[in-house]
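> sequence first, predicted model second:
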Amino acid sequence: MQSITDSYRLDRQLVLKTPTGNPLIVQLEELSLTEVDDVFTECCITCKVSPELYQRIDTETLFNLKSDVRYQTMEDNFVTDKDIEIEARLSDRLLSHLTDHSNSAETAVEHLLQLNQSHHPIKSPILFSENWYALHVKQSIDLPPELELEGELKSGYSTAWGDSSKEDNNDMVDSLAEVMVDFFTQMKWPFDEGVSALNQDQIIYRLISQGENGEWNCFACPRENMQQCVFYSVYPDLVPEEQRIAVTEFLTRANFGMVIGNFEINLDSGEVRLKTSIDVEGDRLSLELFQQLVAANVNAMDRYLPGIRQVIEGKAKPKAAIAHLEG
């Protein structure tokens with residue numbers, strides 16, 4: 001296998017999106033791509049930020065710059081009148097996005113630049129700051145006059161993400177959105193990406209679930225800033241106003257025996273949905289965890305869907321419908 005690394009000097013602004021939905025504008029100096037047998041194996045960027053912007057990056061732990069991944073640092077020696085250089089690597093899980101849209105290093109760079117210039121409200125995961133892992137953080141040091149012609153000296157620190165002794169990136173934490181997309185892709189479950197009507201910065205994924213008792217829409221919501229993952233199954237019809245009290249009783253009875261997740265109803269619109277969620281702050285969302293979250297959700301909706309329908313149609317009282325399903 002032959003490994004080839006191509007580097008490109010770019011010198012332009014790069015606009016990333018932080019977990020809180022705010023823009024992070026850095027000066028992109030260089031982008032490098034490594035290929036092995038025509039498959040991208042690594043994508044790195046080198047960017048410069050002002051000391052003030054670095055303070056924000058440090059405080060918000062952007063580029064995954066958590067304290068426990070930093071080796072012995074010299075950041076206390078950073079001066080306030082020079083830019084700071086950050087070298088970061090793209091999450092391995094997103095390298096396939098480059099392969100899907102590019103057939104060479106040159107076209108991959110063009111694709112990245114096009115994404116960067118897009119004003120579409122839905123940003124590609126490649127432009128999420130949490131999908132970049134800082135390898136090295138440095139700042140130039142002033143040399144004595146007699147050594148200025150010898151070259152440039154930089155001081156700073158490296159991180160565990162840049163430890164070349166590691167054979168893989170298993171310690172790298174994927175974003176919630178990455179895990180969701182990876183799961184849907186592996187399951188060959190078609191999905192559409194959109195944004196929440198209530199929050200244009202919140203990505204949502206829409207899917208269709210087919211169970212034994214019917215078909216309904218599902219929505220997956222990665223709340224990156226709070227590290228919360230939410231999955232919804234939505235009953236296919238709105239409950240008529242005259243049946244909402246009865247359906248509310250049915251859902252309350254169903255919730256009482258439900259270990260994972262809960263039904264909820266909007267009494268104004270008549271929308272019924274089943275919600276399962278998990279908070280992974282301080283940990284990570286794995287494919288296995290997300291699979292359990294989804295399975296618990298769609299299985300419960302499929303189980304209770306006939307009962308909701310019977311109550312709406314007046315064919316069963318809430319207590320009797322629950323007894324029939326759970327008996």
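Great, that's in hand.
> the strands in the protein, which residues?
Ranges of strands in the chain, per DSSP state E, are 3-17, 23-36, 39-49, 84-90, 132-141, 153-158, 192-195, 203-210, 215-223, 228-234, 262-265, 272-279.
> buried sites along the lowest-mean-pLDDT helix or strand in the chain?
Lowest by mean pLDDT, DSSP states H and E among the helices and strands of the chain is helix 95-101, with a mean of 76. Using 16 or more other C-beta atoms under 10 Å as the test for burial, helix 95-101 gives Leu95, His97, Leu98, His101. Every residue, glycine included, has its C-beta placed from N, CA and C.
> so which elements touch it?
strand 39-49, helix 105-117 (3 or more C-beta pairs under 8 Å, 6 or more residues apart in numbering; DSSP states H and E).
> what strands flank the first one, and is each parallel or antiparallel?
The sheet places strand 39-49 alongside strand 23-36 (antiparallel), strand 84-90 (antiparallel), with pairing taken from DSSP bridges.
> rewinding a little: least reliable of the helices and strands packed on helix 95-101 going by mean pLDDT?
Set side by side, the helices and strands packed on helix 95-101 give their lowest mean pLDDT on helix 105-117, at a mean of 83.
> any idea of the angle it forms with strand 3-17?
With axes from the mean of the first three to the mean of the last three C-alpha atoms, to 10 degrees applied, the angle from helix 105-117 to strand 3-17 works out at 0 degrees.
> what lies in contact with helix 105-117?
The contact list for helix 105-117 (C-beta atoms under 8 Å, 6 or more residues apart in numbering) reads 6, 8, 10, 12, 14-15, 31, 33, 35, 40, 43, 98, 101-102, 123-124, 126-127.
> make a PyMOL selection of the buried ones in those.
Paste this into PyMOL to select the buried members of the contacts of helix 105-117, with burial taken from 16+ other C-beta under 10 Å:
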select buried, resi 10+14+31+33+35+40+43+98+101+102+123+124+126+127
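> which of the strands paired with strand 39-49 is buried the deepest?
Of those, the one with the most neighbours on average (mean count of other C-beta atoms under 10 Å) is strand 84-90, at a mean of 23.
> check contacts around the closest residue to Asp81 other than its chain neighbours.
Sequence neighbours aside, Pro51 is the residue nearest to Asp81 in space, at 7.6 Å (criterion: C-beta to C-beta, 6 or more residues apart in numbering). Going by C-beta under 8 Å, 6+ apart, Pro51 touches Phe78, Val79, Thr80, Asp81, Lys82, Asp83, Ile84.
> show the pLDDT at the second one.
Val79 carries a pLDDT score of 86 in this model.
> output stretch 253-270 as PDB, restricted to C-alpha atoms.
Taking Å, rounded to 0.1, in the frame of the first residue of the first chain, the C-alpha atoms of stretch 253-270 are listed here in PDB:
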ATOM      1  CA  ARG A 253     -52.000   4.400  31.500                       C
ATOM      2  CA  ALA A 254     -49.500   3.300  28.900                       C
ATOM      3  CA  ASN A 255     -46.800   5.600  30.500                       C
ATOM      4  CA  PHE A 256     -47.300   4.100  33.900                       C
ATOM      5  CA  GLY A 257     -45.900   0.700  32.900                       C
ATOM      6  CA  MET A 258     -43.300   2.000  30.400                       C
ATOM      7  CA  VAL A 259     -39.700   1.700  31.600                       C
ATOM      8  CA  ILE A 260     -38.000   3.500  28.700                       C
ATOM      9  CA  GLY A 261     -39.600   6.500  27.100                       C
ATOM     10  CA  ASN A 262     -43.000   8.100  27.300                       C
ATOM     11  CA  PHE A 263     -46.000   9.200  25.300                       C
ATOM     12  CA  GLU A 264     -47.000  12.800  25.100                       C
ATOM     13  CA  ILE A 265     -49.900  14.700  23.500                       C
ATOM     14  CA  ASN A 266     -50.300  18.300  22.400                       C
ATOM     15  CA  LEU A 267     -53.800  19.100  23.700                       C
ATOM     16  CA  ASP A 268     -54.000  22.100  21.300                       C
ATOM     17  CA  SER A 269     -53.100  20.300  18.100                       C
ATOM     18  CA  GLY A 270     -53.900  16.700  18.900                       C
END
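> distance of the nearest residue to Arg303 once chain neighbours are set aside from Val195?
Leaving out its chain neighbours, the residue that sits closest to Arg303 by C-beta to C-beta, 6+ apart is Leu325, at 6.5 Å. The gap separating Leu325 from Val195 is 36 Å, by C-beta to C-beta, to the nearest Å.
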